[in-house]
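# Test case, fold it:
(one chain, ligands or ions: 2)
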Amino acid sequence: MSDNASLSPTPSTRTLIAPSILAADFSCLAQEISKVENADWLHIDVMDGHFVPNLSFGLPVAKSLLPHTDKHLDVHLMIEDPARWAPDYAEDFDSVTFHLEAVDGMDEAITLAGELRERGTMAGISIKPNTSVEPLLDYLAHFDIILVMSVEPGFGGQKFMPEVLDKVRALRARIDADNLDTLVEIDGGIGIESTGPSAAAGVDVYVAGSSVFGHASPSSQVDALREAAHAGMRADAQSDQRS
Ligand code: DX5
Ligand code: ZN
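Ligands and ions are numbered 1, 2, ... in the order given. As a prediction, the model looks like this:
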């Protein structure tokens, strides 16, 4: 576990870059994650072939990373029946996010998040691009992370959907108004171009798979994403001053 959050120019947001190992070479994961020592978090996508039409890996492979890093390990469960599996991940990982669409309503989501927190992990909830953020807004204090999907979950390398930034803005406004610590995370199609607008909308955590591990220098891409986020926030602050 680590606490290497880099402070950003906007006090209400942080800038945490989270490379997704889904885009890494699975035959040598330890070597791959050593290429992104300058990242803040590592993002771990678990897919079950049911909730999403793709299968990635499960707990044993995720746990195989533990001896190789002391970074914050951020698990994203794209699985059915998360109440059955998520608590096992809470034992070893720093944050565990499940999907709102995979549980039976907000009551079950809040109960599961509470169980995850009791086990000492940060509790996250994720919404797909077509899921409204409205039902979550009155319950943000029950979650440490809200993960806004900016592609349909299941595959890396898809195109960023800018329309989801309306949901990020709604989350940012409510989190700041209620003075909460809940982090806003964005996942899917994050590269240099999508990071600036995401930062201006109020994102804290940037998941990036193919743009990092598909780059000739993954670590320089991590730095470039962080710089693009800071630039996006500065531009947003300047436009606020002008308006
Ligand atoms: C997609 C996963 C993402 C994926 C992102 O369902 O949740 O974390 O790794 O990959 P890119 O950054 O390539 O869109
Ligand atoms: Zn993910």
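# Residue of the protein nearest ligand 2, please.
residue 76 (3.7 Å; C-beta to the ion). C-beta: built from backbone N, CA, C; applies to glycine.
# quick one, what contacts that residue?
43-46, 97, 124, 126, 147, 187, 207 (C-beta atoms under 8 Å, 6 or more residues apart in numbering).
# same thing but at 7 Å, please
Contact analysis of residue 76 by C-beta atoms under 7 Å, 6 or more residues apart in numbering lists 43-46, 97, 126, 147, 187.
# Of those, which ones also sit close to ligand 2?
Filtering the contacts of residue 76 for proximity to ligand 2 by C-beta under 5 Å from the ion leaves 45, 187.
# Going by distance to residue 54, which of the contacts of residue 76 wins?
Among those, residue 45 lies closest to residue 54 (C-beta to C-beta), at 9.2 Å.
# so is the closest one in a helix, a strand, or just coil?
strand (DSSP: H, G, I helix; E, B strand; the rest coil).
# Next, find the distance separating the residue nearest to it when sequence neighbours are not counted from ligand 1.
Excluding its sequence neighbours, the residue lying closest to residue 45 (C-beta to C-beta, 6 or more residues apart in numbering) is residue 22, at 4.4 Å. Residue 22 is 4 Å from ligand 1, where distance means C-beta to the nearest ligand atom, to the nearest Å.
# what comes into contact with stretch 102-111?
In contact with stretch 102-111 (C-beta under 7 Å, 6+ apart) are residues 51, 79-80, 82-83, 100, 112, 125, 135, 139, 142.
# And stretch 134-148, by the same measure?
76, 95, 97, 106, 110, 113-114, 122-127, 164, 167-168, 170-171, 174-175, 178, 180, 182-187.
# Emit the ChimeraX select command for whichever of those residues are buried.
The buried subset of the contacts of stretch 134-148, as determined by 16 or more other C-beta atoms under 10 Å, is captured in ChimeraX by this line:
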select :76,95,97,110,113,122,123,124,125,126,127,164,167,168,170,171,174,175,182,183,184,185,186,187
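# contacting residues for residue 159?
Applying C-beta under 7 Å, 6+ apart, the residues near residue 159 are residue 189.
# cool, residue 85 as well?
Residue 85 neighbours (C-beta under 7 Å, 6+ apart): 77, 79.
# Show me which residues of the longest helix along the chain are buried.
With secondary structure taken from DSSP state H, the chain has its longest helix at helix 218-242. Neighbour counts over helix 218-242 (16+ other C-beta under 10 Å) mark 218-219, 221-222, 224-226, 228-234, 236 as buried.
# near ligand 1, anything from that helix?
No. Judged by C-beta under 6 Å from any ligand atom, helix 218-242 stays clear of ligand 1, getting no closer than 10.5 Å.
# how distant is that helix from the center of its chain?
18 Å (C-alpha atoms, centre = their mean, to the nearest Å).
# hmm, who's touching it?
In contact with helix 218-242 (C-beta under 7 Å, 6+ apart) are residues 6, 8-10, 13, 15, 17, 19, 35-39, 192, 195-200, 206, 208, 211-212, 215.
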